[in-house]
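1. Dropping the sequence and predicted coords here.
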Amino acid sequence: MKSITYDEIVEQVAKICQEANFDLGQDVVEAFQNALKNEQSETGKDILEQLIQNADIAKSERVPMCQDTGVSVFIVEMGQECHISGGSIYDAINEGVRKGYEDGYLRHSIVDHPITREKSKGYNTPSIIHLEMIPGDELIIHMSAKGGGSENMSSLKMLKPSDGLEGIKKYIIDTVAQAGPNACPPLVVGVGIGGNFERCAYLAKKSLFRPIGHRSERPELAQLENELMEEINKLGIGPQGMGGNTTAIDVKIEIEPCHIAALPVAINLNCHASRHKEVRL
């Protein structure tokens with residue numbers, strides 16, 4: 001049985017919260033660079049160049065790449081032979097978020113009450129934590145800083161099984177089209193299909209943790225991801241909604257079994273600042 005201390009988790013979470021906001025992943029930067037080669041709009045090219053420059057400035061000056069430093073979303077893979085000493089995994093992660101965001105001068109974006117809009121007393125907490133048990137004694141903490149603009153343009157729909165693949169594709173493309181510039185394209189489009197009402201939303205979110213360009217291991221889904229990328233980029237929304245053929249830099253799909261009478265589909269849009277980090281303990 002491996003023992004990991006509460007304080008160690010706090011320190012590591014604080015570190016990746018800052019890194020996520022300061023250091024855009026190389027997979028995203030390379031996606032911008034590749035898009036720049038294929039973008040037909042001069043305005044679109046200029047915006048892509050600015051996004052690359054913005055990422056460079058954030059990294060070198062240790063400042064957030066976007067003023068919306070997001071809700072901290074975690075997928076935690078916890079080994080069955082792993083024990084947390086000194087407190088709970090949930091409390092440790094939330095304390096790490098508070099420390100990382102406050103010490104890093106990152107924006108406090110959480111309200112405690114969604115109706116009265118009373119501000120949270122814990123700096124940018126509580127975070128969203130999904131816990132998955134895995135074999136072994138390793139603790140893997142995946143973190144995403146998820147911005148509000150793209151989250152607001154996300155969608156979930158309980159389709160009918162008779163809607164089939166064409167219905168799924170239409171719903172995804174229509175959602176991106178309706179989002180327009182509001183989700184800050186170029187986007188990463190996360191799709192969850194199957195499960196049930198709440199599970200398909202989690203699958204869509206989970207898909208966004210995959211690196212840019214990593215296709216599904218299932219051939220039919222990998223093909224669908226490529227098809228949707230092509231169709232979405234024909235919409236003409238372009239970088240920051242200013243026109244062009246780079247509306248999305250990736251589409252990711254996760255599926256699970258579902259009820260015979262259901263076809264749940266969730267679409268979680270991620271803005272161009274696709275901020276993800278992980279730590280292994």
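-> Cool, the structure landed.
2. ranges for the strands of this structure?
-> Ranges of strands in the chain, per DSSP state E, are 2-5, 71-79, 82-85, 128-134, 139-146, 155-159, 187-195, 248-258, 263-270, 276-280.
3. So which residue is smack in the middle of this protein?
-> The residue lying closest to the centre of the chain (CA atoms, centre = their mean) is Leu208, at 4.4 Å.
4. Grab the nearest non-local neighbour of that one.
-> Of all residues not flanking Leu208 in the chain, Gly190 sits nearest, at 4.1 Å (CB to CB, 6 or more residues apart in numbering). Where C-beta positions appear, they are placed from N, C-alpha and C, glycine not excepted.
5. close enough to count as contact, Leu144 and Gly25?
-> For the record, residue 144 is Ser, not Leu. No. Using CB atoms under 8 Å, Ser144 is not in contact with Gly25, being 10.8 Å away.
6. The two: which is more packed in?
-> Neighbours were counted for Ser144 and for Gly25 using other CB atoms under 10 Å; Ser144 has more, 23 against 17.
7. re the thing from before, any shared contact partners between Ser144 and Gly25?
-> 275-276 (CB atoms under 8 Å, 6 or more residues apart in numbering).
8. how far does stretch 162-176 sit from the chain's center?
-> Stretch 162-176 sits 21 Å away from the centroid of its parent chain (CA atoms, centre = their mean, to the nearest Å).
9. Please save the CA atoms from it in CSV.
-> Below are the C-alpha coordinates for stretch 162-176, written out as CSV (Å, rounded to 0.1, in the frame of the first residue of the first chain):
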residue,chain,number,x,y,z
SER,A,162,-34.1,6.4,-34.9
ASP,A,163,-32.1,9.7,-35.3
GLY,A,164,-29.1,7.5,-35.9
LEU,A,165,-25.6,8.6,-37.0
GLU,A,166,-26.9,11.4,-39.3
GLY,A,167,-28.9,12.8,-36.4
ILE,A,168,-25.9,12.8,-34.2
LYS,A,169,-23.7,14.6,-36.8
LYS,A,170,-26.4,17.2,-37.5
TYR,A,171,-26.8,17.9,-33.8
ILE,A,172,-23.0,18.4,-33.3
ILE,A,173,-22.6,20.6,-36.4
ASP,A,174,-25.6,22.7,-35.5
THR,A,175,-24.3,23.2,-31.9
VAL,A,176,-21.0,24.5,-33.2
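10. I'd like to know how far Gly100 sits from Asn21.
-> To Asn21, Gly100 is 9 Å away according to CB to CB, to the nearest Å.
11. Equivalent analysis for Met133, please.
-> Applying CB to CB, the value for Met133 to Asn21 is 29 Å.
12. okay, those two: which has more neighbours?
-> Using other CB under 10 Å, the more surrounded residue of Met133 and Asn21 is Asn21, with 27 against 10.
13. Check what pLDDT the more buried one gets.
-> Asn21 carries a pLDDT value of 97.
14. what's the answer for Glu81, then?
-> 95.
15. and it, how many residues sit next to it?
-> Neighbour tally, Glu81, other CB under 10 Å: 12.
16. For the chain, give me the ranges with low pLDDT.
-> Nowhere does the chain drop to pLDDT under 70.
17. Run through the helices of it in chain order.
-> 6-22, 26-38, 42-61, 89-103, 148-152, 164-179, 197-207, 219-232 (DSSP state H).
18. quick one, the last one and helix 164-179 angle?
-> Right, helix 219-232. 40 degrees (axes from the mean of the first three to the mean of the last three CA atoms, to 10 degrees).
19. Just name whatever secondary elements helix 219-232 is in contact with.
-> Applying 3 or more CB pairs under 8 Å, 6 or more residues apart in numbering; DSSP states H and E, we find helix 219-232 packed against helix 164-179, strand 187-195, strand 248-258.
20. Can you tell me what sits against that helix?
-> Counting by CB under 8 Å, 6+ apart, 165, 169, 172-173, 176, 187, 189, 191, 215-216, 247-248, 250-253, 255 sit against helix 219-232.
21. Could I get the buried residue list for that helix?
-> 221, 224-225, 228-229, 231-232 (16 or more other CB atoms under 10 Å).
22. and if you look at the fifth one?
-> By neighbour count on 16+ other CB under 10 Å, the buried set for helix 148-152 is 149-151.
23. The fourth one too?
-> For helix 89-103, the buried set under the neighbour-count rule, 16+ other CB under 10 Å, comprises 89, 92-101.
24. Since that was my last question, I'll sign off now.
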